[in-house]
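[1] here you go, sequence then predicted model.
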Amino acid sequence: MRTGSAESAYQERDAYLAAVERAAAELADDRRRALVADVAVRIDRGLDGRPGAMSEVLAELGDPRAVAAGVPVAGRAPGAAGRRSRVHPAVPVGLIAGSYALALVLQLAGAPTGVLSVALLLRLTGVVLLCTSLFWGPGRKVAGALVTLVLPAAANLLWNRELSGEDSLALRVLADVCQVLCVVGGAAWLWWTRRKA
């Protein structure tokens, strides 16, 4: 026999499962039943060792609509259904490309080297947002970080350490062109290869 608190907990569970079932109305009957059964099993597993924690277990599962949206449906990518990116893809791309423009303006204005770190901070922020975004797959994220951050930094270090003693304008121009192609070209490539929402 269930106590009053246990009865209340099971009513809460049943209400949650009913909400998941309503949210999954677009699924075929057998898939909807399988989803609800799976969620019920997850609830039971969550209660193992903490029998009075129904509210906490349901809170850990999240909103029933998000749980239902996480199920793959024909025409909808799995995983993308229940998750939305909080940052528009233009933000990381813009920060990456804008960082080079800012660095160029600061250099032409004769800003001290320490001020140029602002441009690097913008680029780092853009790369971090790129790496946490849902608009690019893992391979494109790695390629984007390499092309827009690592290669330009390597070209800049090479110039500053190895070539700056030589008074060769051609080598400096070559290093600058490499950075433009990497940062701005890489940002443009990222923009064109993003996943469409």
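    Now that the structure is in, tell me what you want to look at.
[2] tell me which stretches of the protein form strands.
    Shown for the chain, no strands are assigned by DSSP state E.
[3] show me it divided up by domain.
    4-69, 90-192 (automatic domain parsing).
[4] weakest of the ones you listed by average pLDDT?
    When the domains of the chain are compared on mean pLDDT, domain 90-192 scores lowest, with a mean of 82.
[5] now the residue lying closest to Leu61 once chain neighbours are set aside: how far from Ser8?
    Nearest non-adjacent residue to Leu61, counting by Cβ to Cβ, 6 or more residues apart in numbering: Val67, 6.0 Å away. (Glycine included, C-beta is placed from N, CA and C.) To Ser8, Val67 is 21 Å away according to Cβ to Cβ, to the nearest Å.
[6] wait, Tyr16 sits on Arg65?
    No. Contact criterion Cβ atoms under 8 Å: Tyr16 and Arg65 do not qualify, at 11.5 Å.
[7] okay, these two: which has more neighbours?
    Applying other Cβ atoms under 10 Å to Tyr16 and Arg65 shows that Tyr16 carries more neighbours, namely 21 against 14.
[8] thinking again about what came up before, of Val67 and Ser8, which one has the most company?
    Comparing Val67 with Ser8 by other Cβ under 10 Å, the one with more neighbours is Val67, at 22 against 13.
[9] does that one really touch Val39, like I thought?
    Yes. The criterion here is Cβ under 8 Å, and Val67 meets it with Val39 at 6.2 Å.
[10] intersection of neighbour lists for those two?
    20, 61 (Cβ atoms under 8 Å, 6 or more residues apart in numbering).
[11] quick check: which of the domains of the chain is buried the most?
    Highest mean neighbour count among the domains of the chain (mean count of other Cβ atoms under 10 Å): domain 90-192, with a mean of 16.
[12] give me the distance from that one to the chain's centre.
    20 Å (Cα atoms, centre = their mean, to the nearest Å).
[13] first-to-last residue distance for it?
    By Cα to Cα, to the nearest Å, the extent of domain 90-192 from end to end equals 11 Å.
[14] ditto for stretch 133-147
    Terminal residues of stretch 133-147 are spaced 17 Å apart (Cα to Cα).
[15] so Leu58 sits against Ala15, correct?
    No. Judged on Cβ under 8 Å, Leu58 makes no contact with Ala15 at a distance of 9.2 Å.
[16] show me what contacts the nearest residue to Val57 once chain neighbours are set aside?
    Leaving aside its sequence neighbours, Val57 sits nearest to Gly46 (Cβ to Cβ, 6+ apart; 3.6 Å). By Cβ under 8 Å, 6+ apart, the contact list for Gly46 reads 53, 56-57, 60-61.
[17] closest to Val20 among the residues you listed?
    Nearest to Val20 among those is Leu61, at 8.8 Å by Cβ to Cβ.
[18] of the contacts of Gly46, which belong to helices?
    Those of the contacts of Gly46 mapping onto helices are 56-57, 60-61, per DSSP state H.
[19] done for today, thanks.
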